[in-house]
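Chemist: Return a 3D structure for these sequence lines:
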Amino acid sequence: MAALLLGAMLLLVQPQLVPSRPASPAPEAGLQEALRKAGSLQDDLREPAATNGSAQQQQLPQTIIIGVRKGGTRALLEMLSLHPDVAAAENEVHFFDWEEHYRLGLGWYRSQMPFSWPHQLTVEKTPAYFTSPQVPARVYHMNPAIRLLLIVRDPAERVLSDYTQVFYNHRQKHKPYPSIKEFLVRSDGRLNVDYKALNRSLYHAHLQGWLRFFPLRRIHLVDGDRLIKDPFPEIQKVERFLRLAPQINASNFYFNKTKGFYCLRDSGRDRCLHESKGRAHPQVDPKLLHKLHEYFHEPNKKFFELVGRTFDWH
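Modeler: Numbering: from 1, shown residues only. Presented below is the predicted three-dimensional model:
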């Protein structure tokens, strides 16, 4: 009997054998390595989020506001943050469009998100995503079922807002900046179609890149011009698209006559967008403005056909 007990003890303390070389990789491992070297970070982007039903955590966004620049993305994010089931990232993350960020992988991206409860929807906005050709595939690899928000406005007005932002950025640094006419008009009097701000307003061209990966039903178009004039109906549509319970009310908005746009009222607290928002556009010669409207006429038609709806633009 003693011999049997001794034998059992020896079996218990015997070290586990460890193979002298790693086990053979899974069949798809070679493909994952190739994708990683190609810069897609496919294996990392499919890393599952940690789950804890009783604590707050940082989650990957289930919704991204992808653009457009100077279309009202900050206003949309602030309005969405009124909803108790939404956790909004405070800053533009630039994960999918900046290579130095994308190389850091999904763990870094998640670390940029706000802490939220499991039932909350995490949202981030980076308007440069819309016009960056590499972004749609990268977002798709992270989550092909993600819901995307695209806010658009009159493309000619968007160009003027784009210029205005850069102009004031230079002005704050006491640096000179050319007039908008110098950007928009060539020496021969024709419109300068190489001006980057014009390209950003060619919505149909950029949306086609997204539609190669996402069906239109996963991209909700927010009318940026209507959001400024009457925000509540537009935000109701966003709630429905995101399958959120209707929690944002008309009482959450009030018109600030001093600023000239709507501000937010949340639990008795009033807050408005930063003073950098809603700046007056530069004076533009009517003939030049007419050239802008003519330039966008055909691209706008293509965009309307692409999305199956029209907008009240010039």
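Chemist: Going along the chain, name the strands of the protein.
Modeler: For the chain, the strands defined by DSSP state E occupy 57-58, 63-67, 86-88, 115-116, 121-125, 147-152, 219-223, 253-256, 261-266, 269-271.
Chemist: Could you give me the buried positions within stretch 172-181?
Modeler: residue 180 (16 or more other CB atoms under 10 Å). All C-beta atoms are positioned from the backbone trio N, CA, C, and that covers glycine.
Chemist: circling back to that earlier point, lowest-confidence stretch among the strands of the chain?
Modeler: Of all those, mean pLDDT reaches its minimum on strand 269-271 (a mean of 86).
Chemist: partners of that strand in the sheet?
Modeler: Note on strand 269-271: by DSSP bridges, its sheet partners are strand 261-266 (antiparallel).
Chemist: circling back to that earlier point, can you say which of the strands of the chain is packed in most?
Modeler: Highest mean neighbour count among the strands of the chain (mean count of other CB atoms under 10 Å): strand 63-67, with a mean of 27.
Chemist: hang on, the earlier thing: possible to save the strands of the chain as JSON lines with distance to residue 100?
Modeler: JSON lines is the format used below for the strands of the chain (distance: least, CB to CB, whole Å):
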{"stretch": "strand 57-58", "distance to residue 100": "20"}
{"stretch": "strand 63-67", "distance to residue 100": "19"}
{"stretch": "strand 86-88", "distance to residue 100": "24"}
{"stretch": "strand 115-116", "distance to residue 100": "25"}
{"stretch": "strand 121-125", "distance to residue 100": "17"}
{"stretch": "strand 147-152", "distance to residue 100": "24"}
{"stretch": "strand 219-223", "distance to residue 100": "27"}
{"stretch": "strand 253-256", "distance to residue 100": "38"}
{"stretch": "strand 261-266", "distance to residue 100": "34"}
{"stretch": "strand 269-271", "distance to residue 100": "33"}
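Chemist: so which of those strands comes closest to residue 167?
Modeler: Ranking the strands of the chain by proximity to residue 167 (CB to CB) places strand 261-266 first, at 19.6 Å.
Chemist: What would the closest one look like as CSV? C-alpha coordinates only.
Modeler: The C-alpha trace of strand 261-266 is given here as CSV (Å, rounded to 0.1, in the frame of the first residue of the first chain):
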residue,chain,number,x,y,z
PHE,A,261,-27.0,79.3,-33.5
TYR,A,262,-28.5,76.6,-31.3
CYS,A,263,-27.0,75.7,-28.0
LEU,A,264,-27.6,72.7,-25.7
ARG,A,265,-29.4,72.4,-22.4
ASP,A,266,-28.5,69.3,-20.4
